[in-house]
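**Q** Requesting a structural model of the entry that follows:
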Amino acid sequence: MKLKKNNEVFKLTFSAILLSMAIVLEIVCKAIPLLKMPNGGGISLAMLPLVIVAYVFGFKYGITAGIAYGIIDCFVLDGYGFNIFSFFLDYIFGFGAMGIAAVVRKKAITGNNFSFILGFIFAAVLRWIFAGFSGVINANIWGYDAAFLAGLFGSARSGLLWLYFYSFIYYNLPYIAASTIICIVVGLVIKKQLFQYFNGQTIS
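**A** Okay, here's the model as predicted:
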């Protein structure tokens, strides 16, 4: 029996498999204390299979898989959805942004390394922006006031600008950048075999 790879059942099945891989990778990474951030987020490989969904099956599946992962991460794995803003910015928009990688999917899936890397960067930048604004909005909930910022950066560096600096640069940028670099490196190692399979016409 031959199942065409453009079949919806095939796409749904393999999207679900890749989503499951993202969940497993996140669980493994969360089990390593050094990779975890104190208020949500951390260095993880979960981004890799989510971006692969976008490369292989396009925007719709990439966004859907990312949102599904975000919901599971929020309510099952992470639990840092302090309020509706955090839920949408960190989890729904942040991981749904993985689907933006599909903008370069045609070149990435045919082996173009630059496009492959660029898709990850697009997805990571969008996730970083959403996470950064989430941190700013939730500052009062976390108790990160002027005194907190002054303790980190000095008494003259406790204004609104430094809150943005804290959320975007100090907190979210390091782990998102590290995760992106690791995912790109691992992805470059496995992409040839992976995309050769998906570039085929049928599966037995």
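**Q** Residue ranges in this structure under the pLDDT threshold?
**A** The model of the chain has pLDDT under 70 over residues 1-6, 79-82, 200-204.
**Q** Quick test: name the residue nearest the centre of it.
**A** In the chain, the C-alpha nearest the mean C-alpha coordinate belongs to Met47, at 4.3 Å (C-alpha atoms, centre = their mean).
**Q** how about Thr64, what does it touch?
**A** Neighbour list for Thr64: 15, 99 [criterion: C-beta atoms under 8 Å, 6 or more residues apart in numbering]. (Each C-beta comes from the backbone N, C-alpha and C, glycine too.)
**Q** The strand or helix carrying it: which residues count as buried?
**A** Assessed by DSSP states H and E, Thr64 sits inside helix 59-72. For helix 59-72, the buried set under the neighbour-count rule, 16 or more other C-beta atoms under 10 Å, comprises 61-70, 72.
**Q** Now the helix or strand following that helix: buried residues?
**A** For helix 59-72, the succeeding helix or strand toward the C-terminus, using DSSP H and E, is helix 84-86. Counting neighbours by 16+ other C-beta under 10 Å, one finds that the buried residues in helix 84-86 are Ser86.
**Q** Now do helix 84-86: everything it contacts.
**A** Contacts of helix 84-86 (C-beta under 8 Å, 6+ apart): 40, 80, 134, 137-138.
**Q** circling back: please give the centre-to-centre distance between the helix holding Thr64 and its chain.
**A** Here the centre of helix 59-72 is set off from its chain's centre by 10 Å, with C-alpha atoms, centre = their mean, to the nearest Å.
**Q** returning to what we had before: tell me how many other residues crowd the nearest residue to the residue nearest to the centre of the chain once chain neighbours are set aside.
**A** For Met47, ignoring the flanking residues on the chain, the nearest one in space by C-beta to C-beta, 6 or more residues apart in numbering is Cys183 at 4.8 Å. Number of residues near Cys183 (other C-beta atoms under 10 Å) recorded here: 23.
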